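Undergrad: give me coordinates for this.
(one chain, ligands or ions: 1)
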Amino acid sequence: MTNIIVEHYEKPNMGEAILAALKMKGIDVTRLKPENLYALDQFHTRGIVGTKEQANLVKPNETMHILDIGCGVGGSARYLAWNYGCRVTGIDITKSFIETAKLLTKKCSLDHVIDFEEGDATDLRFDNDKFDVIWCQNVSMNIEKKDLFYKEISRTLKPDGRFASSEYALGHGGSPYYPLPWARRRQESFLISQEDMRLYTEGNGLEIIEWVDKSKQVLAIAPRALKNLEDDEAGLKLVAGEDIASRMSNSTKSMIDGHIENIMMVAKKQR
Ligand SMILES: C[S@@+](CC[C@H](N)C(=O)[O-])C[C@H]1O[C@@H](n2cnc3c(N)ncnc32)[C@H](O)[C@@H]1O
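TA: Coordinates of the predicted model:
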């Protein structure tokens, strides 16, 4: 059966296109650094700014093993391993994202501390109590089976381990405007309210220790983010598709009209 979420994201030959675009910009792709890729590998709200804020909330260290669920092309995995010295495993349901994540990570010489594999967030192949931190950015809105998603996070996290996540939630203004960055059609989107997100989190043995509504910050940087997207030929378009600027514009309009909200949260797995 075809998976409509994979169809939405799949983009063959992405890795080669990214390397060619970076070369055109004068970047030496034989010695890539994670920061050379920030404009294209942070496929989530507020890009690298959001990643840095989320990392500050969990304070990773070199003893930790982090699982990045829905890792995309691996931007946050590389950021975490490079800046904090931790080990990272990334899983994603989209094959071309995982292939690109592996290629870019090898080019950054970080493949000895990061591994990537295709996998479904609702059916993780990992043992119980394995990870110190589970990391997620802009993924849950693509997941219909929320109960399985939160169960798997709780099962694979160590007791006292942290689940850190940034996500869109459904606002109180009704259905958002499509196409959106995570869904060109309504049937690809499974947004729930902040209240329901909290219920799923706490209902699966995860104690919420941070919960911040970031909607104002998202709107504050939206015009600049959109301009960067339109101008940069070696930017997020290469990963998210040529139509990402119009999808992002719809996301901003949806937020202004109260259809969607944005949160960053951290929860601790109870013993
Ligand atoms: C908006 S992108 C975010 C990618 C990445 N987290 C980032 O911030 O750059 C959403 C990602 O979630 C992945 N995804 C969606 N549903 C998934 C599932 N059931 N299991 C694993 N990954 C999934 C998609 O393939 C895509 O890479």
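Undergrad: quick check: what element follows the worst-scoring helix or strand of the chain on mean pLDDT along the chain?
TA: Here the helix or strand of the chain ranked lowest by mean pLDDT, DSSP states H and E is helix 215-231, holding a mean of 93. Sequence order places helix 237-240 as the next helix or strand after helix 215-231, per DSSP states H and E.
Undergrad: returning to that earlier point: not counting its own residues, what contacts the least confident helix or strand of the chain?
TA: Helix 215-231 has contacts (CB atoms under 8 Å, 6 or more residues apart in numbering) with 39, 45-47, 49, 235-237, 244-245, 248-249, 252, 255-256, 261-262. C-betas here are computed from N, CA, C, even on glycine.
Undergrad: packing partners of whichever strand in the chain runs longest?
TA: If you go by DSSP state E, the chain has its longest strand at strand 157-170. Here strand 157-170 touches helix 47-58, strand 131-137, helix 194-203, strand 260-269, going by 3 or more CB pairs under 8 Å, 6 or more residues apart in numbering; DSSP states H and E.
Undergrad: residues making contact with the longest one?
TA: Helix 47-58 is touched from outside by 38-39, 42, 44, 46, 75-76, 79-80, 83-84, 133, 135, 137, 162, 164-166, 210, 214, 221, 225, 236, 264, 266, with contacts defined as CB under 8 Å, 6+ apart.
Undergrad: any residue of it touching the ligand?
TA: No. Judged by CB under 6 Å from any ligand atom, helix 47-58 stays clear of the ligand, getting no closer than 7.7 Å.
Undergrad: buried sites along that helix?
TA: If you call a residue buried by 16 or more other CB atoms under 10 Å, then helix 47-58 has these buried ones: 47, 48, 50, 51, 54, 55, 58.
Undergrad: just the CA atoms of it, as CSV, please.
TA: Extracted C-alpha coordinates of helix 47-58, given in CSV (Å, rounded to 0.1, in the frame of the first residue of the first chain):
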residue,chain,number,x,y,z
GLY,A,47,15.1,26.3,11.7
ILE,A,48,18.4,26.3,13.5
VAL,A,49,17.1,28.8,16.1
GLY,A,50,14.5,26.3,17.2
THR,A,51,17.0,23.5,17.3
LYS,A,52,19.4,25.5,19.5
GLU,A,53,16.5,26.4,21.9
GLN,A,54,15.3,22.8,22.1
ALA,A,55,18.9,21.5,22.7
ASN,A,56,19.3,24.1,25.5
LEU,A,57,16.3,22.6,27.2
VAL,A,58,17.7,19.1,27.3
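Undergrad: C-terminal to that helix, what's the next element?
TA: With elements assigned by DSSP H and E, the helix or strand that comes after helix 47-58 is strand 65-69.
Undergrad: filter the contacts of helix 47-58 down to the buried ones, ChimeraX style.
TA: The ChimeraX selection below is limited to those of the contacts of helix 47-58 classed as buried (16+ other CB under 10 Å):
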select :38,39,42,44,46,75,76,79,80,84,133,135,137,162,164,165,166,214,225,236,264,266
